[in-house]
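Visitor: quick one, fold the following:
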Amino acid sequence: MDNSNFSKALEFHKKNQLKKAIKIYLSLLSMSEGNKNQILFLLGTAYYQSKNFKESVNCFNNLLAIEPNNFHAYSNLALAQKELNQIEEAISSYNKSIRINPNFSHSYNNLGNLFLFINDYKNALINFNKALETESLPEFFFNRAKAYNKLQNPNQALIDIEKYLLTFPESSKAIIFKIEQLINLNNLTTCAEYLKLSSKYISDSERLYELYARYYLASEKLEDAKENIINIKNDVTKNFYYSIYFYKKNDLQAAIDKLNEISSADYNSNILNNYGLIYRDMGEEQKAKDFFSLSLEHQSDSTFAKLNLGLLALKNYKFSDGWLYYFYRFKPPLDFKLKLDEWKSDILPNEKILVLSEQGIGDQLLFLSTLPFINPDNFIFVIDKRISNILKLNFPKISFISHENINTTEARLYIFLGDILKFFIKNKNDLLNITPIFKKVIDFNFFKKDTSYLNIGLSWKSPNSKSESQARNIGVANLIEPVISNNVIFHNLQYGDISQDIETVRDRFDIDLLIQDIDYFNDLEKLIYIINQMDCVITTDNITAHLAGACGKQSFLLIPESASRIWFWHAEKKHKWYKNTQIYFFEESKINESLTEIKNDIQKHFHFKL
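Guide: Numbers count the residues shown, from 1 in each chain. You can find the predicted model right below:
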């Protein structure tokens, strides 16, 4: 081999002067009696870098005909095949590289990237895991973070991107990715701090405006969001975020109008999904379903579209489709130390299965309505310790454990609490068999109601409401005014800071709400004890509604029409899950009509004049 020309070619190659390098490699290849294999490898690499993928494939195939165990050549061949959209061939080449050298981490990583490219996120994750088992490189952590993100696991995505940032703390692409995960996790305080510290590393002002718009929209700081949306230059992006802005302000027609300004040629899964959400809240469910379906056609793995189709089906008692798609809701990540397999079959296993709690305690109480149907030999429930004692009292044969004791079980399988409903609630008639789960209540004996009065429990706000314009909050004075009577005692069931509310009631009506000396957020079993003594409960959509429903207490539930209806608050006035709960959907400007209706219903139910 002409070593001087070979050195020149290498120098050109290192300087990315690829045409000059390729020309010398070709001349050396035609005359070389020496290391033809090395020249073919470098030539194939140079062709790949110059985007001549067809010639790159030819070079690596020629090399492999001479040297069939060259794992590196198979790995690089796969890179070129992927660019030619020869996906099956590329997967085969990576697998051959791995079989020859299972310790070559880059083959696993590149195969993971290929699976990401074809939207096979689970296989992408498997290969990124194998790459990291072999070698802990920062880029592998970033790639695995992308897979976790696509699999709707922002917790793990955040963990991995932070490992990448330990090495490259000023990487704008990693900083942007981290901010997106913080928003996905609704970790908005940390997000605000990180945005402030790291925005100087993001040179793309358009991208920065978009990030701030997303953050402010998630934080319900709508006017701050608008200031950033205005500065976005890309019309598609700008109109997309304007649509979210108007949606959150409950101006649904304006939200639709902004999406209509986007050309159909620019539609993506997110835009179509948002169309569905708006039409759903406008009460046009068929249009909503059509758009959610179109969103899935654009992106078959869209968990948002699947979930929204599921929620729509469940709301209309179409449980078969509903549970199928409800599976794709956001779930808390499983502790990586737990070596358990998720049970996804439609048939219950013949062994113990760990049932993991999720979401808010209100949803948990609704899901636990199926407890009377449970075979106690099949399940171990991981539940909120605030209701553990009362559950054990009512279901002594069922195993309940707290999150702290999750490692003490011998179960090999797990399922999330919301996913067990598919085994027991298959049609609307199954709801007829549901009964209150808190038939027995722990007697704390710190309070007894005065039975000579009608005792009404009140809860009027949800501190986790979606936004001010779509809040599930109702002023306590509004609740009280229609039902004021000398024969009524009002009891507080509301948690959080209510000092101003109490003052308002005292000033307007000269009435004091009875407040017990308990922690209304953490002492739930004491709150249940109070609820159980009430004659009835008037509440908005919050935890009190579920606690009262679980006790079988006569309840009057107010839900604003403007709030996105949660699937289990069905359209009928009489609730199907909590049999003694009556639902009143109201327009915010006409709340007094619903309150008058509640007053009349209380009078009818209790044969009591208010």
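Visitor: next one, pLDDT for Ile406 please.
Guide: Predicted confidence (pLDDT) for Ile406: 83.
Visitor: over to it: give its phi and psi.
Guide: Per-residue torsions, Ile406: phi -60, psi -30 (degrees, to the nearest 10).
Visitor: residues contacting the nearest residue to it once chain neighbours are set aside?
Guide: Using CB to CB, 6 or more residues apart in numbering and skipping the chain neighbours, the partner closest in space to Ile406 is Val382 (5.7 Å). All C-beta atoms are positioned from the backbone trio N, CA, C, and that covers glycine. Val382 is in contact with Leu354, Val355, Leu356, Ser357, Ile401, Ser402, His403, Ile406, counting by CB atoms under 8 Å, 6 or more residues apart in numbering.
Visitor: do I have it right that the third one meets Ile415?
Guide: Spelled out, that is Leu356. Yes - counting by CB atoms under 8 Å, Leu356 touches Ile415, with 7.3 Å between them.
Visitor: coming back round to it: so which of the contacts of Val382 comes closest to Gly475?
Guide: Of all the contacts of Val382, Ser357 has the smallest distance to Gly475: 32.4 Å, by CB to CB.
Visitor: give me the neighbour count for the closest one.
Guide: Look at Ser357: counted by other CB atoms under 10 Å, it has 20 neighbours.
Visitor: so it is in contact with Ile380, correct?
Guide: No - look at Ser357 against Ile380 with CB under 8 Å: they stay out of range, at 11.7 Å.
Visitor: ok, Ile398 to Asp377 distance?
Guide: Separation of Ile398 from Asp377 (CB to CB, to the nearest Å) stands at 10 Å.
Visitor: contact partners for the closest residue to Lys150 other than its chain neighbours?
Guide: Nearest residue to Lys150, sequence neighbours excluded (CB to CB, 6+ apart): Tyr121, at 4.3 Å. Neighbour list for Tyr121: Phe115, Ala147, Lys150, Leu151, Asp301 [criterion: CB under 8 Å, 6+ apart].
Visitor: summarise which helices and strands the helix ranked longest in the chain is packed against.
Guide: For the chain, the helix with the greatest residue count under DSSP state H is helix 591-606. Using 3 or more CB pairs under 8 Å, 6 or more residues apart in numbering; DSSP states H and E, the elements in contact with helix 591-606 are strand 454-459, helix 476-480, strand 536-540, strand 555-560, strand 581-586.
Visitor: give the closest residue to the spatially most central residue of the chain in space, chain neighbours not counted.
Guide: Note on the chain: the residue nearest the mean C-alpha position is Phe330, at 3.0 Å, using CA atoms, centre = their mean. Closest residue to Phe330 in three dimensions, ignoring its sequence neighbours and counting by CB to CB, 6+ apart: Gln152, at 6.0 Å.
Visitor: which pLDDT value belongs to the one you found?
Guide: Gln152 is given a pLDDT of 78.
Visitor: in a helix, it, correct?
Guide: No - assessed by DSSP: H, G, I helix; E, B strand; the rest coil, Gln152 does not belong to a helix; its assignment is coil.
Visitor: how about the strands in the protein?
Guide: Assigned by DSSP state E, the strands in the chain fall at 341-342, 353-356, 379-382, 399-401, 413-416, 454-459, 488-492, 536-540, 555-560, 581-586.
Visitor: please identify the deepest-packed of those.
Guide: For these, average neighbour numbers computed from mean count of other CB atoms under 10 Å are highest in strand 536-540, which has a mean of 26.
Visitor: ok and that one relative to strand 454-459, angle-wise?
Guide: Here strand 536-540 runs at an angle of 20 degrees relative to strand 454-459 (axes from the mean of the first three to the mean of the last three CA atoms, to 10 degrees).
Visitor: so what's the residue count around His546?
Guide: Using other CB under 10 Å, His546 has 25 neighbouring residues.
Visitor: Asp497 too?
Guide: For Asp497, using other CB under 10 Å, the count is 8.
Visitor: where's it relative to Asp517, distance?
Guide: Taking CB to CB as the measure, Asp497 falls 16 Å from Asp517.
Visitor: Leu116 now?
Guide: As for Leu116, its distance to Asp517 is 56 Å (criterion: CB to CB).
Visitor: who has more neighbours, these two?
Guide: Per other CB under 10 Å, whichever of Leu116 and Asp517 has more neighbours is Leu116, with 20 against 8.
Visitor: I figured that one hits Ala147, correct?
Guide: Yes - with contact defined as CB under 8 Å, Leu116 reaches Ala147; the gap is 6.3 Å.
Visitor: need the overlap of contacts for these two.
Guide: With CB under 8 Å, 6+ apart, Leu116 and Ala147 have common neighbours Ala124.
Visitor: quick one, what contacts the nearest residue in space to Asn103 that is not next to it in sequence?
Guide: Distance criterion CB to CB, 6+ apart; nearest residue to Asn103, sequence neighbours excluded, is Thr134 at 5.8 Å. Residues in contact with Thr134 (CB under 8 Å, 6+ apart) are Asn103, Phe104, Ser105, Tyr108.
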